[in-house]
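>>> Make a model of this:
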Amino acid sequence: MKSMRRDNRGVSLIEIMIVIAIIAVLGGVGIMSFNAITGKPAQQCAQKIVYSLERHRTSAMSKVYSQYKLYVGADKKIYLQEFVSNTDPNVAMDPTEMGSAGIEVKYECVNSSGNVVVRDLETNPLILSFDRGSGAFKKLGAEDLYCQKIMVSRGGRTFEVTLVPLTGKVYID
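Sure, this is the predicted structure:
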């Protein structure tokens with residue numbers, strides 16, 4: 001009986017490494033689940049949209065042609081493509097990934113009568129441009145609409161990017 005006790009005195013290094021590996025895997029899964037539930041990817045996407053709109057507004061003030069296109073790609077990720085040039089309105093910069101797949105983006109527009117229209121980015125890309133003289137947002141294409149909100153959602157959380165048409169200012173609510 002005494003010989004059995006001596007052989008069973010502790011844990012081996014292999015056993016400790018296995019336990020640490022299991023804890024690391026469970027922790028990684030927990031963190032990914034937490035990010036999905038809290039909507040962290042949606043918040044990051046909204047912050048990128050605000051930053052890129054502010055940067056584009058600055059660029060647009062010094063260029064003849066400028067457009068900001070936000071769209072959903074074939075891989076279901078959110079992308080931004082900017083068109084900024086002094087000579088050719090079709091000169092496009094490389095697309096920039098703004099958000100991962102699984103993020104839902106809608107935008108809210110208002111017309112001069114005060115009617116609100118909500119559109120889904122997946123079916124209707126958002127194309128914005130700024131007035132070169134004042135920095136204000138221009139109307140959306142030939143329509144009598146101004147974009148006033150971009151709603152970015154994931155995991156039950158929604159982040160609203162507010163656009164002020166008259167001044168061109170952008171912020172997250």
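>>> Would you confirm that Leu70 contacts Met98?
Yes: using CB atoms under 8 Å, Leu70 is in contact with Met98, at 7.1 Å. No exception for glycine: its C-beta is placed from N, CA and C like everyone else's.
>>> Overlap in contacts, these two.
Shared between the contact lists of Leu70 and Met98 (criterion: CB atoms under 8 Å, 6 or more residues apart in numbering) are residues Ile49, Ile78, Tyr79, Leu80.
>>> Is it possible to mark the buried ones in those?
Neighbour-count burial (16 or more other CB atoms under 10 Å) applied to those gives Ile49, Ile78, Tyr79, Leu80.
>>> Mind naming the longest helix for the protein?
Counting residues, the longest helix in the chain under DSSP state H turns out to be helix 13-38.
>>> and the following helix or strand past it, what does it pack onto?
The element immediately downstream of helix 13-38 (helix or strand, assigned by DSSP states H and E) is helix 40-61. Counting contacts by 3 or more CB pairs under 8 Å, 6 or more residues apart in numbering; DSSP states H and E, helix 40-61 is packed against strand 65-72, strand 78-85, strand 96-99, strand 145-154, strand 157-164, strand 169-172.
>>> Mind putting these into TSV with mean pLDDT and distance to Lys106?
Output for those, formatted as TSV (pLDDT from 0 to 100; distance: least, CB to CB, whole Å):
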stretch	mean pLDDT	distance to Lys106
strand 65-72	90	11
strand 78-85	89	12
strand 96-99	92	13
strand 145-154	93	5
strand 157-164	93	9
strand 169-172	92	15
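>>> so which of those comes closest to Leu53?
Ranking these by proximity to Leu53 (CB to CB) places strand 169-172 first, at 4.6 Å.
>>> Adjacent strands (with direction) for the closest one?
Partners of strand 169-172 in the sheet, by DSSP bridges, are strand 157-164 (antiparallel).
>>> Dump the partner strand to PDB, restricted to CA.
Extracted C-alpha coordinates of strand 157-164, given in PDB (Å, rounded to 0.1, in the frame of the first residue of the first chain):
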ATOM      1  CA  ARG A 157     -26.800  46.000 -31.100                       C
ATOM      2  CA  THR A 158     -27.300  49.000 -33.400                       C
ATOM      3  CA  PHE A 159     -24.900  51.900 -33.800                       C
ATOM      4  CA  GLU A 160     -26.200  55.000 -35.600                       C
ATOM      5  CA  VAL A 161     -24.000  57.300 -37.600                       C
ATOM      6  CA  THR A 162     -25.700  60.700 -37.900                       C
ATOM      7  CA  LEU A 163     -25.000  62.800 -40.900                       C
ATOM      8  CA  VAL A 164     -25.900  66.500 -40.800                       C
END
